[in-house]
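Asker: Structure for the following, please:
(chains A and B)
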Amino acid sequence: MPFELVPPGTHIDFIGKRRVTAAISVALLFAGAIAVPINGVKLGIDFQGGTEMQVLFDDQVNVDEGVIRSVVRACGIADPSVVRYGEAAGREFLIRFQVGAVASATGPSCALTPEQEEALERAKLSGGGGGDEGEKGETIDKLTYVLGNEIGSLQVQRVEFVGPRVGSELRADGLKSLLVACILILIYIAFRFSTRFAPGAIIALLHDIGITAGIFVILGMEFDLRVLAALLAILGYSLNDTIIIYDRIRENMALRTKVDLVDVLNQSINQTLARTVLTSGTTMAVVLALWILGGEVIRPFAIAMAIGIVVGTYSSVFIAAPTLLLLERRFGGAPAPAAAAGIGAGAGPGAGATTDAAFTVRHDAPPREDRPNKPKRNKKKRR
Amino acid sequence: MSLRWRIIWVAATVLLFGYYAIANYASEETRLESPLIPDSSLRLGLDLRGGIHWVIGVKLGAAEEHELSFLKSLLVEELERRNVVVGKIDVEDEKLQIETFTEDARAAVRDWIGDTDQILEVGSDPNLLMFELSDLRRQQVREQGMDQVIEVLRRRIDDPMKGIPDSVVTRQGDDRVLVQIPGGSVDRARAREMLRVTGFLEFKIVLDIAQTEELLRDRFPDGELPDDTTIAFERDRETNRVLTAYLVGKEADLTGDYLTDARPGFDNQQRPQVDFTFNPAGGELFQALTEENIGSQLAIILDDRVYSAPTIQSRISTRGTITGRFTMDEASDLSVILRAGSLSVPVVIEEERTVGPALGADSIRHGVRAMIVGLVVIVLFTSFYYRLSGVYACLALALNLLLLIGVMSMFEATLTLPGLAGMVLTVGMAVDANVIIFERIREELRARKTPRAAISTGFSKAYWTIMDANITTLGTALVLYNYGTGPIKGFAVTLSIGVVTSVFAALVITRLMFAIYPGNRHIESLSI
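Answerer: Numbering: from 1, shown residues only, chains lettered A, B, ... in the order given. Next comes the predicted model:
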């Protein structure tokens, strides 16, 4: 007897709760939208430019954020952000400042030894000031020296610097890539599904991206390249569950033409529920492993992925399917035609025709196979 | 295709890529030596092995202004020759600005400008003529500036002889250079020294010449060089083989500081040559030097390396030419060398991602730990939930990882930290395909199909669902690849390859396992 997560014959009325779930989604989207002016959209240095240094002080060094902050300020850097980082029992810090924050890197408590001065001088890059486009890299070296002089020996674990020009390029390209990915998926959906199904999948997709991004804004988390990578991955992944359910709806509609659409939707969701939960579950398991064990650097990626997976799974069941119902009731009009293949018929005759053709080949004439669902309802259950 | 052939085909694929994956354990030397072990291997990104990743922005506007200044000096000479009086001549904002007071002066300037065919008039103020480089010329100047910067950086950083091992200097777009220096042992300040883009250019009179150092040393008792002399080498640019050894003085006879311009040109028979210009002070020094040494060779040395050693044929002061049997390319290469040692094109660091080796190793450890835990959770769950079929899925998952690493090794893909995350994600997503198939098979079994029919239907029904799911993921991964920089690109690469190997693992490998057992046997129940 196989172990079943969702016992066969489960019948949960998912569609019946569509008003509640729609309200939840709208509320979440609104909360995200409202959080934008309140919290502001926090951009990481990837997108707004700036410097980030991850430093690890040696064991004996006694140090806290305040000390570091005052040293960094003394070096003429305005508004540095200093936070504890990682697991190294409080001796690892992340120092951050913005591109324009470096006024003049001289100050009384910002003294260097002659050798350090000389090293800096040697490494001085020729030509005019960096300013608008980039920097010469002196600030970071100087700060490293000064932190070592004033506080105690340290190791620089990581330096990330993004100049304003690169930052704004990454920002623009990042948005563009999200847009391009959306459009590509739209084209694929339009090609793969009939005009009847496509809007639901698209709405679910936008819903997932919107809510995931919204939650990031609400939690005050930063958007950077890692999060963007996660958002793009979610875009591709969250469609999976929707596809599973839609495929089944399509199949069931072809079989049972006279039954109420609500029943078909509910039945389809219930039939595929185990799949929906399990596929998301396995992916969630590894994402959680990444979140907990993958280390500090990869964590933002894992968090965004985790949120995206949950939202994506939810939207497949509670958004994508009910949208189909909504559109069907409002625009579909005609009851599903008796011909089994006529799934796509309804709205948009032109676009529907091509997808129907493809669909007919795929599902109605599987190679060497019988139509599997036909005998299903006639025979008794095995157990 | 018969079952036997399917087994052979799949086994061959798995073995091939498995071989590539496992070959990563061999050290690089062993790989290169052994004819049996493939040379290509997985590369670790700088965020995992530690190192400096710099995107250097080259301020090509300065190169344009330099070109305009050169034209300006020619124009000044020309106007003097013609006795034309103009006001101030300036180069500003990448424009040549000439203050003129009379129509004649304007005509003279325009006349000369027209002849050069390099600049275009812009602006409409009658008293202030403004010119910009023509598009074609600007393009040339910018390209030349990039060549010059890359030439110097290459020689300093990724030169096989003097550079830093495994470092890479590549051009990125129109005005950027990507510099990647692996290994955290490189001090950042020291590495930054290498970005100082002006090379150290010296001119030295050649005292003696031979094909190799040994031959040259043989000419002196005990191989001891005379006082205050040293040997400089000319090397083949591709192979670094020593072409010629020159005995030269230790001190430079003249340095590149005095050089103001160098460019390829043609003599009156249209043979390529290199024209160069010294500033007045340099001109005086050069005049004295050439006067004393007519008939000797003068070595042109950039960063301790001889690039050319033309024979001095006459006294030269501020302006001279280097002639020889140059091709056009050689002439322009030599002028790049001369310029690299004299004219600085300012650079800035536009982006930096430096990771210390400790953090890199730490990231690998974390990533691998997450992967192992993820794998264990999934293997336990899948084998418990789907029993024998679950074991199939786990086997397929293991082979999938092997394929993924094998394919990446074969194409020498770079594994970055986000790439490692992508690999972990692949582990989770690869099982999805199996879940979809297995759930479908269970359903068919509930519908009282025979196990054989259920398996067959399960796979064919799940086929398009799996395809759809993976095609969309592949699509977004490709968009990400197109967009991404450095580490993020690594994520896109791993994810894309992972999607392909996952589909292969689920639809081909798992399916084959079912074909082997139960295959055609009539079994009562299926372990699923």
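
Asker: which sections of chain B are below the confidence cut-off?
Answerer: Within chain B, the ranges that satisfy pLDDT under 70 run B:1, B:161-162, B:184-186, B:197-198.

Asker: excluding its backbone neighbours, what's nearest B:L388?
Answerer: Among residues not flanking B:L388 along the chain, B:S527 sits closest, at 3.5 Å (C-beta to C-beta, 6 or more residues apart in numbering or on different chains). Any C-beta I mention is one placed from the backbone N, CA and C, and that applies to glycine too.

Asker: OK, contacts around that neighbour?
Answerer: Contact partners of B:S527, counting by C-beta atoms under 8 Å, 6 or more residues apart in numbering or on different chains, are B:386-389.

Asker: where's B:L247, which helix or strand?
Answerer: strand B:242-249 (DSSP states H and E).

Asker: which helices and strands sit right next to that strand?
Answerer: strand B:201-210, helix B:213-218, strand B:229-235, strand B:298-302 (3 or more C-beta pairs under 8 Å, 6 or more residues apart in numbering or on different chains; DSSP states H and E).

Asker: Deepest-packed of the ones you listed, please.
Answerer: The highest mean neighbour count among the helices and strands packed on strand B:242-249, using mean count of other C-beta atoms under 10 Å in any protein chain shown, belongs to strand B:298-302: a mean of 25.

Asker: Tell me which residues are up against it.
Answerer: Here strand B:298-302 has contacts from B:155, B:199-206, B:232, B:246, B:248, B:252-253, B:256, B:289-290, B:306-312, B:334, B:337-338, B:340-341, using C-beta under 8 Å, 6+ apart.

Asker: Return the backbone torsion pair for the residue of the stretch 251-400 of chain B found nearest chain A.
Answerer: Nearest to chain A, among the residues of the stretch 251-400 of chain B, is B:P346, at 2.1 Å (C-beta to the nearest C-beta). With angles defined as degrees, to the nearest 10, B:P346 sits at phi -60, psi 140.

Asker: before we move on, the earlier item: list only buried entries from the contacts of strand B:298-302.
Answerer: B:155, B:199-206, B:232, B:246, B:248, B:252-253, B:256, B:289-290, B:306-310, B:312, B:334, B:337-338, B:340-341 (16 or more other C-beta atoms under 10 Å in any protein chain shown).

Asker: would you list the contacts of B:S527 in TSV and tack on neighbour count and secondary structure?
Answerer: Formatted as TSV, the contacts of B:S527 follow (neighbours: other C-beta atoms under 10 Å in any protein chain shown; DSSP: H, G, I helix; E, B strand; the rest coil):
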residue	neighbour count	secondary structure
B:Y386	26	helix
B:R387	15	helix
B:L388	15	helix
B:S389	25	helix
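
Asker: Could you give the number of residues near B:N24?
Answerer: 15 (other C-beta atoms under 10 Å in any protein chain shown).

Asker: and the helix or strand A:I309 falls within, what other elements does it pack with?
Answerer: Assessed by DSSP H and E, A:I309 sits inside helix A:299-315. With contacts taken as 3+ C-beta pairs under 8 Å, 6+ apart, helix A:299-315 sits against helix A:198-218, helix A:225-237, helix A:239-255, helix A:273-293, helix B:417-446.
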